[in-house]
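Peer 1: Here is a sequence with its predicted model. Questions after.
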Amino acid sequence: MHPIVRHPVVTKLAELFENADFSTQLGSALASFGQHDGVYVRIDAVICASNSITSNATEDGDKSLPLGWLSMEKNRSLTITPSQAACPKPAAPTSSDSQSSHCAGPVTLRSTSRNDLDKPRHKTVSGLRPSKSSAIAVVTQDSGSDSDADAAGCLRASNVRIEPSVRQFHSDTRFPQRKKPMKSTTPPTLQPSTIDKLISGIWRQVHSPITLSVSFPVHFPMTIGRYDLPSLTEVQDRRPEFNLRTGVSQSVFQAINGLCKMYYDQSRSSRALELVVQAYWVECFEARIASIRLDNPSYTNLEARMAALKEACNTLGWQEKDLRNKMAVWRGYKEIKDAGGWASLIFAGSGVYRFCKYRIGFDNGLTTRLRHIAFSLEVAADTLHPGWRDLLRVISLNEPCRYSGHPHEWVTVDTGPALPLKSTYSHMVLPYGFNYEFVDDCVVDRDVFGEDDPRRGLGIGPDICQTCKERQSDDVIRNHCSCFPSLFGGVRHPPPVQLYHTASGKNNGVIARCVRCKKPFSSFYSLDFGKIFTNFKKPFERGTAIAEFVGLVTYGIDGLDVMMGGTQERPYQIFQGQKGNFTRFINHSCRPNSQFQKFYWCGIERILVVSRGVPAGSEITVDYSDFYWGKLQKNCLCGESGCRFAHRVETEATSLPSLQEA
Ligand SMILES: C[S@@+](CC[C@H](N)C(=O)[O-])C[C@H]1O[C@@H](n2cnc3c(N)ncnc32)[C@H](O)[C@@H]1O
């Protein structure tokens, strides 16, 4: 076999075009030449009309662009690029050379056209230009002419003769580009890179109130709090008539807004599902290739790949070419998923298709950056969209968390991956270190209170709300009190808040991400595994309960932060030193956006953090009270203009403070 056939470029081409016969065909074509230095295999890219794709013959109008030449010299194969080959080394004129010229037809993939010879390789900018060549090539009948003596002759077909210099014009198919006028003299501003846009898009979606879920119809009617949930048919029936001619009332407009939002969210869910399935398909495809090779040990990887591709095309009913194109995009999805986790793909938004189709920035650090945020992203997704992992059920995947513990055990940091909560206290001297257990409800200290619950209000009935006088019950159907529906008497969701590392020296704090409406069905609802999702990109509205202040209900603690509760006759403390919820991390502000507030639920006193209007994306703060600050040897860092405790380190603190209700 001719050594050129073993040239890596030939192998690569055969692989690239999945033409296993290419090497054999080339070998037999070269066989007629014998092994000598004068044979070139010229590799061209041919631009042709789509209708000539099916036929092997190239059309007259086809444009051939030489990519390079392969040749043998001193028994060593060489690769010559077109730039080197402005004049490839002329081979010594031997009798065999002339033979090679004559026989060039079957070896070259395409015969050389005149255009190929004289076409300058740089980009042309005008429609008309004189040729740089001082000679013109003319096709002759005499294939054995001596035109090969020309410097570039060895690249020319032997039936081309060079005429003496003729002025010639070429027309160009491209119009000159219009020069864009300079808009202004202001210096150009740095635009965010495509990767920046993709990553900020992911964060935007994670912090948005979308509900990503596979929706199933649920059995209605049912009641949550005071609100009767409509049945599916009721939903249809209640839709107002959409008749634009009779005018659009506010309620009609509200309804169409609700409908629009519902389907918008639904299509986002199905888009996310599509991404999940397609990324997973790529994994299955690779696994199928491995199985085919196991079943057919004689198959090469290429053959196994082709077999798997055929199988897929048969089921999908797509052309192989179509599937290949789609696969290229799906591979991008898989790469994003591999680097940033499933959350990065699910929340990637619509730009991800274009991103993967054109592979913008993939080699430019995208995977490193996604790996960097994977952790924080998953913590945020779990905190704000607890149902997002359900989407993976479509591929029967039970994806384990990349992080361990409760999402609030991770502190988000603007500049990098989330930090383990414990590590953010390593710089502090704490008597027992930092150990905090997240619990949803208060735990009564039995050593102190026995079977009694000190929070039980004397003379307060367990059934009637002190505020609205409606019936209270943990049974969703029986409950009629809707004072704080997000916490009591309804379906409880994880609050849309995250722990974050403050930049102002207060160590950690709590940030509001997106929030729930006070009323469950103000204008829009969506069905999600039978739950009602009422998240909106709204602030925690004034009067909304953000959370209950949860910890160990005890008494007798001195010198540590505690919340005082009960009455003078029956006092108790809520201690968050070892267990509790995220309210333990809420900082003080002299202009707070929330406050502590007492509320009786089923006869038991609860201390709530209630919003005074917290915008999404801002820190949740309360006023710790003068009493607390009076005992704290620290300056307040709230930064408010009317800060009461900014310059008070000199003040003697007698003992450690207690938090008190505002
Ligand atoms: C209940 S903790 C709040 C969470 C705390 N930042 C952390 O990282 O654990 C109360 C402590 O936070 C700090 N802190 C809260 N608000 C503050 C403020 N406005 N200025 C300075 N320190 C504050 C004080 O050290 C205070 O004793």
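Peer 2: Yep, it's here. None of the values given here were measured: they were computed from a predicted structure.
Peer 1: mind listing what Ile43 touches?
Peer 2: Counting by C-beta atoms under 8 Å, 6 or more residues apart in numbering, Ile43 touches 9, 13, 66-70, 109. For every residue, glycine as well, the C-beta is placed using N, CA and C.
Peer 1: Swap in 6 Å and give it another go.
Peer 2: Applying C-beta atoms under 6 Å, 6 or more residues apart in numbering to Ile43 gives the contacts 67-68.
Peer 1: What strands flank the helix or strand containing it, and is each parallel or antiparallel?
Peer 2: With elements taken from DSSP states H and E, the one containing Ile43 is strand 40-47. Strands flanking strand 40-47 in the sheet, each with its direction: strand 63-73 (antiparallel) (DSSP bridges).
Peer 1: okay, how far is it across stretch 575-586, tip to tip?
Peer 2: For stretch 575-586, the first-to-last residue distance is 14 Å (C-alpha to C-alpha, to the nearest Å).
Peer 1: The chain: helices as residue ranges?
Peer 2: Per DSSP state H, the chain carries helices over the ranges 8-16, 22-31, 95-102, 104-107, 114-118, 194-206, 232-238, 250-295, 301-316, 320-346, 351-357, 367-384, 446-449, 626-630.
Peer 1: Count the neighbours of Ser77 for me.
Peer 2: As a burial measure, the neighbour count of Ser77 was computed by other C-beta atoms under 10 Å and equals 18.
Peer 1: for Trp601, that is, sorry about that
Peer 2: Summarising burial for Trp601: neighbours were counted as other C-beta under 10 Å, giving 21.
Peer 1: That one pairs with what?
Peer 2: Beta-bridge partners recorded for Trp601 (DSSP bridges): Ile604.
Peer 1: worst-scoring helix or strand of the protein, pLDDT-wise?
Peer 2: Here the helix or strand of the chain ranked lowest by mean pLDDT, DSSP states H and E is strand 527-528, holding a mean of 26.
Peer 1: What pLDDT does the model give Glu335?
Peer 2: Note for Glu335: predicted pLDDT of 95.
Peer 1: Pipe the helices of the chain into CSV and attach distance to Leu397 per row.
Peer 2: CSV is the format used below for the helices of the chain (distance: least, C-beta to C-beta, whole Å):
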stretch, distance to Leu397
helix 8-16, 33
helix 22-31, 40
helix 95-102, 60
helix 104-107, 53
helix 114-118, 54
helix 194-206, 20
helix 232-238, 29
helix 250-295, 7
helix 301-316, 20
helix 320-346, 8
helix 351-357, 19
helix 367-384, 14
helix 446-449, 43
helix 626-630, 48
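Peer 1: how much does the strand holding Ile43 deviate in direction from helix 8-16?
Peer 2: Following axes from the mean of the first three to the mean of the last three C-alpha atoms, to 10 degrees, one obtains 40 degrees for the angle between strand 40-47 and helix 8-16.
Peer 1: Buried residues of strand 40-47, list them for me.
Peer 2: Within strand 40-47, the residues that count as buried by 16 or more other C-beta atoms under 10 Å are 40-44.
Peer 1: try stretch 372-391
Peer 2: Neighbour counts using 16+ other C-beta under 10 Å place 372-385, 387-389, 391 of stretch 372-391 among the buried residues.
Peer 1: that older thread, and which of the buried residues of strand 40-47 is nearest Arg591?
Peer 2: Looking at the buried residues of strand 40-47 and their distance to Arg591, the nearest is Ile43, at 73.1 Å (C-beta to C-beta).
Peer 1: Dig out what that closest one forms beta bridges with.
Peer 2: Applying DSSP bridges, one finds that Ile43 bridges with Gly68.
Peer 1: quick one on the thing from earlier: what mean pLDDT does the strand holding Ile43 have?
Peer 2: Per-region confidence: strand 40-47 scores 83 on mean pLDDT.
Peer 1: what's the answer for stretch 389-406, then?
Peer 2: The predicted model gives stretch 389-406 an average pLDDT of 83.
Peer 1: what's it in contact with?
Peer 2: The set of residues external to stretch 389-406 that reach it, using C-beta under 6 Å, 6+ apart, is 212-213, 272-273, 276, 280, 341-342, 375, 378, 410, 438.
Peer 1: can stretch 540-550 be found next to the ligand?
Peer 2: No. Contact of stretch 540-550 with the ligand (C-beta under 6 Å from any ligand atom) is absent, the minimum separation being 10.4 Å.
Peer 1: Show me what from the chain comes close to the ligand.
Peer 2: Contacts of the chain with the ligand, taken as C-beta under 6 Å from any ligand atom, map to 506-509, 561, 584-585, 587-589, 632, 634, 636-638.
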